[in-house]
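Asks: Can you look at this prediction? I've put the sequence above it.
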Amino acid sequence: MSWIIRTLWSYARTSAEIRSDTRAARRFARFGEGSAIAFPTATLYGEPWIEIGTHTVLGGDITLAAGMGPDYDLGAETVVRIGSGCAIGRGSHVVAHRSVDIGDHVYTGPYVYITDQNHAYANTDVPIGLQWPVDDPVSIGPGTWLGANSVVLPGVHLGRNCVVAAGTVVRPGTYADHSVIAGIPGKVVRTYDDEFGWDPPLKEAGTPTRVPTPSAGLPPEAPADPPDPGSATRFPPT
């Protein structure tokens, strides 16, 4: 019996994932060629207000949501925008109500939480869950890496090629390109200057490992470099 279950589960994982040529992908505002959302998904709704670029992979058990729940009309503009060449780790949450903009080549570890909405506590006599929440747009610059279990709070704007350490809670604010953020609450622990380099200096870490790519190279539609402002991924948001 166990081998039957494993066989059926393996078939479901390979056949039920969402790809650009499936019916499920057509519900999205954009679902680029070569992209996929692995099976199973934990929560998925608001697809008409979600854009996904080309050759982007979202891991299994992911929550990807636009709006407070299914069947809400969020207006003419998209709410979640994930660029091309991204990898969003297993069990992560991307939950948006106003605007979450993720640039090209953004990688995350598993169980990362990104949201543009938080509970309010303006009235101490009303249960927090019954108070109207507060929205604040989020943008994550191209080339950024978010470590496992990190949290990106509403109002965060990460620059290009930033690093967020595992378990970090990134507080609202604007972070410069190449910032390294760590801790709870998150603080900038390393910065980069074009003239002076890293501050504090990087320690020797051996020979860098080349990221594997297909033997034929990247497909022509995949971006080789981060996009210019105002590109199709709309980073920074307009």
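Replies: That came in fine, so what should we check first?
Asks: In which helix or strand does the nearest residue to residue 202 once chain neighbours are set aside reside?
Replies: Nearest residue to residue 202 in three dimensions, chain neighbours excluded: residue 190, at 7.9 Å (C-beta to C-beta, 6 or more residues apart in numbering). C-beta coordinates here come from the backbone N, C-alpha and C atoms, glycine included. Applying DSSP states H and E as the criterion places residue 190 in strand 187-193.
Asks: and that strand, which residues are buried?
Replies: For strand 187-193, a neighbour-count test (16 or more other C-beta atoms under 10 Å) marks residue 191 as buried.
Asks: Kindly spell out which helices and strands sit in contact with it.
Replies: Judged by 3 or more C-beta pairs under 8 Å, 6 or more residues apart in numbering; DSSP states H and E, strand 187-193 is in contact with strand 180-182, strand 197-199.
Asks: Distance from the chain centre to that strand, please.
Replies: Distance of strand 187-193 from its chain centroid, counting by C-alpha atoms, centre = their mean, to the nearest Å, is 22 Å.
Asks: which element is the residue nearest to residue 171 when sequence neighbours are not counted on?
Replies: Once flanking residues are discounted, residue 171 sits nearest to residue 185: 5.0 Å by C-beta to C-beta, 6+ apart. Using DSSP H and E, residue 185 sits within no helix or strand.
Asks: since we're on residue 185, how many residues are nearby?
Replies: Look at residue 185: counted by other C-beta atoms under 10 Å, it has 11 neighbours.
Asks: Show the low-confidence segments of the chain, by residue range.
Replies: Scanning the chain for pLDDT under 70 picks out the ranges 3-15, 204-238.
Asks: Make sure residue 110 is actually in contact with residue 147.
Replies: No: at 9.7 Å, residue 110 does not count as touching residue 147 under the criterion of C-beta atoms under 8 Å.
Asks: where along the chain do the helices fall?
Replies: Applying DSSP state H to the chain gives helices spanning 2-15.
Asks: ok, back up a step: give me the contact list for the strand holding residue 190.
Replies: Residues from elsewhere that reach strand 187-193, judged by C-beta atoms under 8 Å, 6 or more residues apart in numbering: 165, 175-183, 198-200, 202.
Asks: Which pair of the residues you listed spans the longest distance?
Replies: 177 and 183 (19.9 Å; C-beta to C-beta).
Asks: circling back to that earlier point, just the buried ones from the contacts of strand 187-193?
Replies: 165, 175, 178, 179, 180, 181, 182.
Asks: Closest one to residue 72 out of those residues, please.
Replies: Nearest to residue 72 among the buried ones among the contacts of strand 187-193 is residue 175, at 30.7 Å by C-beta to C-beta.
Asks: what residues are up against the closest residue to the closest one other than its chain neighbours?
Replies: The shortest distance from residue 175 to any non-neighbouring residue, by C-beta to C-beta, 6+ apart, is to residue 158 (5.1 Å). Residues in contact with residue 158 (C-beta under 8 Å, 6+ apart) are 139, 140, 141, 144, 152, 164, 170, 175, 179.
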